[in-house]
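Student: need coordinates for the below:
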Amino acid sequence: GAWDLETGSNNILIGIIDTGIATANDGSLNHPDLDDATRYILGTDFVSDDALPRDDHSHGTHVAGIAAAESNNAEGIAGVNWVSPVYVCKIFDSTGNGSQSDVEAATIEIVDYAISNNLQVVINMSAGWPDAHSALEDAVEYAHDNGMIFCLAVGNDYGDPVGFPAAYSDNFSSIIAVGSTDEDDTVSNFSSEGPEVTVVAPGGDIFSTMPTYDVTSTDLGASKDYDEQSGTSMASPFVAGLASLVWSKEPLQNSEQVKDVIINTAIKLDTADFSNAWGYGRVDAEEAVAKAGWDIDLVYNSLDFIDIPENETTARAIRFDVKSFHETEFEIISGPTGVFEVSFEGSTSLGKSTDYDTLRDAYIWISYTGVNDGDVHNGTVEVQCTQTQQTWVLNITANTVQRPSSCVMMVLDQSNSMKDIRELMF
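Tutor: Numbers count the residues shown, from 1 in each chain. Sure, this is the predicted structure:
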C-alpha cells in the first residue's frame, strides 16, 4: 500500500483550519492519537483571539485525526500521514460558525510559517459558504501564489452546487475540491456536485479522533475520544493527507504537479473521464504515491563511434526513458569535450502526460566526423534533468578508419540469364 512507500516527511507541513484540536485547559495536547507536542503546532484561535486553538466542537479534532493522527502507538487510529508536522488554526466556534476574513487570516499565518521554515504546506479546510467572497478568494490565491496546496470540501448540499472556496478550483491550479464516497465506492448522496469537483474520497461513517472532554457534539450524543462522522468534511482531509504523502515522496514537484498525480491516478467511477459528481475519480493512494515525481532511466551510459570512415559524420543519441506525468527537460551542462559536437538536441523537452506507464523517450544527439585513418578520440558529456537536477556523465569514444575505395564490378553473362532483362531494358 501507500504506507509501504511513504509515511510523510518533515519537509511537508499540513495545515488544519477548523474548530481547533483537543487540548486540556492548560493548552497541552491531551488526545492519545494527537498528543505529540513536537509535531502538532498550535496556531491562533481567531474566535477567542488567543494562542490556544482548543476544540469545543469536535469537527477539527476529527479532521486532524483523519489527515495526521499518530501511528504505531497502540492507540485508536492511524492518520493518512504519520510524520509531517501539523499546524492548527481555529476559526470556527462551538456551533461551527466562523467568518470568511478569519479564513484569510489563518491561511496567511500557516503559509507564512511554512515559508519562514522552508516547508511546503498542504492546507485542509473542511468548510465553506454558499456564496463567493473576496476574503475566501484572497485566501486561496495567497496559498496558490506561494506554491502551496489547498484541499477544500465541496459541501454537503445533496447534489447542489459546490460551495466556496472549493468552487474556486477552476481558477487556481493548486486547489483540490473534494467530494465524498460511501463504503460501496459510490458518491455519497449528500455530496455537492459541479464542474469544480476535482476528486472524491471516502467520507461516509469515518471513524476518527474526538475531543476527550464534553463539547457541542458530545452534548448532541457523539462519543468522546473516537467516533464516526460523515461528510465531505471527512473526505477532504483524506486527500490532504494523500497530497502530503505524494509531496513527501518527491518534494521537487510543485503544487500543480502534486494535484496532477492525484487526478491522473484516480479511479473512474463509470465509463466517463469526468463527472460533476466525482470529478476525475476516487483517489487511489497507493497509485498516487507510487507514481509521484519522475522515473528516469539513461538507456546507455556511453556513446561509441566505432570505425567511422574518413570525412564521414555520424550521430549517436543520448536516450532517456521517462515515466512521469510531468514536464521533463534535459540539457547539456558540460561538454561534449574533444572533437565531439552536439548535432541537434532532438526531443529534449517532454510535456505533461496523463499516462505514466507508457515510456516516453528524450534524445540529445552527439556527432563525430572522422578525419584521418587511425585517429582515436575520447571525451565526455554531462547531461542534467532540469526538474530533478539529476545529472549523468557519459563517456564518448571514437575511432576513424580509411574510407573504402570506389570500385566497378563487371559480370560476364555466359548463361544468357540476363537476356530477358536486356531485352526489356532496350
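
Student: in three-state terms, label residue 111 for me.
Tutor: Following DSSP: H, G, I helix; E, B strand; the rest coil, we place residue 111 in the helix state.

Student: show me the helices in the protein, by range?
Tutor: In the chain, the helices defined using DSSP state H lie at 59-68, 100-116, 134-145, 216-219, 232-249, 255-265, 285-290, 419-425.

Student: now render those helices as JSON lines, adding distance to residue 7, mean neighbour count and mean pLDDT.
Tutor: Quick note: C-beta positions are derived from backbone N, CA and C, even for glycine. Listed next are those as JSON lines, based on distance: least, Cβ to Cβ, whole Å; neighbours: other Cβ atoms under 10 Å; pLDDT from 0 to 100:
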{"stretch": "helix 59-68", "distance to residue 7": "11", "mean neighbour count": "29", "mean pLDDT": "98"}
{"stretch": "helix 100-116", "distance to residue 7": "20", "mean neighbour count": "20", "mean pLDDT": "98"}
{"stretch": "helix 134-145", "distance to residue 7": "24", "mean neighbour count": "19", "mean pLDDT": "98"}
{"stretch": "helix 216-219", "distance to residue 7": "29", "mean neighbour count": "18", "mean pLDDT": "95"}
{"stretch": "helix 232-249", "distance to residue 7": "7", "mean neighbour count": "29", "mean pLDDT": "98"}
{"stretch": "helix 255-265", "distance to residue 7": "17", "mean neighbour count": "23", "mean pLDDT": "98"}
{"stretch": "helix 285-290", "distance to residue 7": "10", "mean neighbour count": "20", "mean pLDDT": "98"}
{"stretch": "helix 419-425", "distance to residue 7": "77", "mean neighbour count": "9", "mean pLDDT": "39"}
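
Student: for the ones you listed, which one sits closest to residue 164?
Tutor: Nearest to residue 164, of all those, is helix 134-145, at 5.2 Å by Cβ to Cβ.

Student: now that closest one, how far from the chain's geometric center?
Tutor: 21 Å (Cα atoms, centre = their mean, to the nearest Å).

Student: got the contact list for that helix?
Tutor: Identification of contacts with helix 134-145 by Cβ atoms under 8 Å, 6 or more residues apart in numbering yields 99-101, 103-104, 106-108, 111, 121, 123, 129, 149-150, 152, 164-165, 168, 171-175, 255.

Student: any idea how far residue 94 is from residue 206?
Tutor: Distance, residue 94 to residue 206, by Cβ to Cβ, to the nearest Å: 21 Å.

Student: quick one: residue 72 and residue 36 touch, right?
Tutor: No: applying Cβ atoms under 8 Å, one finds residue 72 not in contact with residue 36, separated by 12.0 Å.

Student: those two: who's more crowded?
Tutor: residue 36 (13 against 8; other Cβ atoms under 10 Å).

Student: not counting residues beside it along the chain, what's closest to that one?
Tutor: Using Cβ to Cβ, 6 or more residues apart in numbering and skipping the chain neighbours, the partner closest in space to residue 36 is residue 70 (6.0 Å).

Student: show me the contacts for that neighbour.
Tutor: Per Cβ under 8 Å, 6+ apart, neighbours of residue 70: 32, 33, 34, 35, 36, 39, 78, 79, 82.

Student: looking at residue 94 and residue 206 now, which is surrounded by more residues?
Tutor: Comparing residue 94 with residue 206 by neighbour count (other Cβ under 10 Å), the higher total belongs to residue 206, at 24 against 16.

Student: please name the residues that touch the more buried one.
Tutor: So residue 206 contacts 62, 66, 228, 229, 230, 234 (Cβ under 8 Å, 6+ apart).

Student: roughly how far does the closest residue in space to residue 232 that isn't next to it in sequence sit from residue 175?
Tutor: Leaving aside its sequence neighbours, residue 232 sits nearest to residue 153 (Cβ to Cβ, 6+ apart; 3.9 Å). According to Cβ to Cβ, residue 153 and residue 175 sit 12 Å apart.

Student: quick one on the thing from earlier: now distance to residue 359 too, for the contacts of residue 206, in JSON lines please.
Tutor: Shown next, in JSON lines, are these (distance: Cβ to Cβ, whole Å):
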{"residue": "62", "distance to residue 359": "43"}
{"residue": "66", "distance to residue 359": "36"}
{"residue": "228", "distance to residue 359": "44"}
{"residue": "229", "distance to residue 359": "44"}
{"residue": "230", "distance to residue 359": "42"}
{"residue": "234", "distance to residue 359": "38"}
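
Student: before we move on, the earlier item: what does the model give the residue nearest to residue 232 for pLDDT?
Tutor: According to the prediction, residue 153 has pLDDT 98.

Student: give the bridge partners for it, please.
Tutor: residue 178 (DSSP bridges).

Student: what about it, how many residues nearby?
Tutor: Neighbourhood size, residue 153 [other Cβ under 10 Å]: 29.

Student: likewise residue 184?
Tutor: Count around residue 184 with other Cβ under 10 Å applied: 6.

Student: return the per-residue confidence for it.
Tutor: At residue 184, the pLDDT recorded in the model is 97.

Student: from residue 202, how far off is it?
Tutor: Residue 184 is 11 Å from residue 202, by Cβ to Cβ.
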